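Chemist: structure for the following, please:
(chains A, B and C)
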Amino acid sequence: MPELPEVEVLVRHLAPRLVGRTILSINVRRSRVLAPTSIRSLTRTLRGARFAGLRRRAKYLVFNLHSPNRDSEITLVGHLGMTGRMYLLPCDAPLPKHAAVVLDLDRGKFVFEDTRYFGRLTLDVTALEKLGMEPLEAGFTPERLAEAVKRSAQPIKVKLLDQSVVAGVGNIYASEALFRAGISPKIPAQKLKSGQIESLWHSIREVLQEAIERGSRIPLAYSGNGTKDGLFYFGRELEAPDEYEERFRVYDRAGKPCLECGAMIKRLVQAARSTFFCPGCQRSRRSKFG
DNA sequence: CACCATGTTCCTTG
DNA sequence: CCAAGGAACATGGT
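Modeler: Residues are numbered from 1 along each chain as shown, chains lettered A, B, ... in the order given. Have a look, this model is predicted:
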């Protein structure tokens, strides 16, 4: 679920439901997800605080709260890791097996669930300081992308996963963007021509923007017993069948024909992650349109 | 049992 | 100091 588009859709969903709510109590069931914040510190800081805002930065959710007791502003940082979810439930709803943190609110409760517990909900803000450009914002230009990448010998696919360069692109959309740009994932970043950089810049934005738009159209599923509030879910069963076909053009399609040229989509491993690409459309020399 | 999984951080090596 | 590679984290699906 969680790359930039999924987090963006989640933030848009949660923000209006969360802002204005007050935290009555904090229930930490897996303290690892708070690290390096302690249970005591989180509990003391959040009790009585009210949600004032929510925004996205890369794949992070940034919650702003106000504490009336201490008259101070609080920043709470969330990350979904690989399997994290955040949603609102009625206060009497049963908790999922892997609920990591539960915040009881003045109306309902906020649940952070994460089967693998790679995610975070913490007062530690340092991760945000290391992040690079927001690909959908004005500061992201072909020139800045070229500058950020021109001294790296790393394969471009690996470079796209580096959150200090372009923040928010993950393993799925890195493969998808390179496919659309007609660029081989194996090319050393510094060897990209300016035309390819421009094409890649455009593809990154296009792929992310389209995913946000698709995610915004998918109805959210709800956990709990028929009570309809808040479980964000990106399951294929919720998507129209015709849309599922178009969701990814190369990701997880190894061995299937390329929708553009019919060649067999291939999988390779880079930096211990799977990369999917079309050997026909993504040559090492030039972009699709020369 | 084997391998795979939408992510990040830490440690080692060069 | 930096770049790059790999293991670790933890659980579940196929």
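Chemist: how much space between the single nearest residue of the stretch 151-290 of chain A relative to DNA strand B and residue A:162?
Modeler: At 2.0 Å from DNA strand B, residue A:170 is the closest residue in the stretch 151-290 of chain A, using Cβ to the nearest atom of the strand. Every C-beta, even on glycine, is put in place using the N, C-alpha and C of the backbone. Separation of residue A:170 from residue A:162 (Cβ to Cβ, to the nearest Å) stands at 11 Å.
Chemist: picking up where we left off before, could you check the pLDDT of the residue lying closest to the residue of the stretch 151-290 of chain A closest to DNA strand B once chain neighbours are set aside?
Modeler: Nearest in space to residue A:170, with sequence neighbours left out and distances taken as Cβ to Cβ, 6 or more residues apart in numbering, is residue A:3 at 3.6 Å. pLDDT for residue A:3: 95.
Chemist: residue A:170 and residue A:162: which has the busier surroundings?
Modeler: Neighbour comparison, residue A:170 and residue A:162: the larger count goes to residue A:170, with 20 against 17 (by other Cβ atoms under 10 Å).
Chemist: pLDDT score for that one?
Modeler: pLDDT recorded at residue A:170 is 96.
Chemist: residue A:114 too?
Modeler: Looking at residue A:114, its pLDDT is 96.
Chemist: picking up where we left off before, ok, the residue of the stretch 151-290 of chain A closest to DNA strand B to residue A:64 distance?
Modeler: Residue A:170 is 25 Å from residue A:64, where distance means Cβ to Cβ.
Chemist: next: residue A:71.
Modeler: For residue A:71, the distance to residue A:64 - Cβ to Cβ - is 15 Å.
Chemist: got the residues of the stretch 101-250 of chain A near DNA strand C?
Modeler: Residues of the stretch 101-250 of chain A that fall close to DNA strand C, judged by Cβ under 7 Å from any atom of the strand: A:115-118, A:151-154, A:158.
Chemist: out of those residues, which is most surrounded?
Modeler: The residue in those with the most neighbours, by other Cβ under 10 Å, is residue A:158 (19 neighbours).
Chemist: residue A:267: which element?
Modeler: Using DSSP states H and E, the element containing residue A:267 is strand A:266-270.
Chemist: got it, and residue A:97?
Modeler: Applying DSSP H and E, one finds residue A:97 in no helix or strand.
Chemist: okay, now it: neighbour count?
Modeler: For residue A:97, the count of nearby residues is 7 (other Cβ under 10 Å).
Chemist: equivalent analysis for residue A:249, please.
Modeler: Residues near residue A:249, counting by other Cβ under 10 Å: 18.
Chemist: find me the pLDDT at it, would you?
Modeler: 97.
Chemist: next up, the contacts around residue A:276.
Modeler: Residues counted as contacts of residue A:276 (Cβ atoms under 8 Å, 6 or more residues apart in numbering) are A:175, A:179, A:250-254, A:265-267.
Chemist: among the residues you listed, who's most crowded?
Modeler: Going by other Cβ under 10 Å, residue A:175 tops the contacts of residue A:276 with 29 neighbours.
Chemist: now do the strands in chain A.
Modeler: A:23-28, A:50-57, A:60-67, A:72-79, A:84-89, A:99-105, A:109-114, A:120-122, A:266-270, A:273-277 (DSSP state E).
Chemist: I'd like those strands as JSON lines, with distance to DNA strand B appended.
Modeler: Shown next, in JSON lines, are these (distance: least, Cβ to the nearest atom of the strand, whole Å):
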{"stretch": "strand A:23-28", "distance to DNA strand B": "19"}
{"stretch": "strand A:50-57", "distance to DNA strand B": "10"}
{"stretch": "strand A:60-67", "distance to DNA strand B": "7"}
{"stretch": "strand A:72-79", "distance to DNA strand B": "6"}
{"stretch": "strand A:84-89", "distance to DNA strand B": "9"}
{"stretch": "strand A:99-105", "distance to DNA strand B": "14"}
{"stretch": "strand A:109-114", "distance to DNA strand B": "11"}
{"stretch": "strand A:120-122", "distance to DNA strand B": "8"}
{"stretch": "strand A:266-270", "distance to DNA strand B": "7"}
{"stretch": "strand A:273-277", "distance to DNA strand B": "3"}
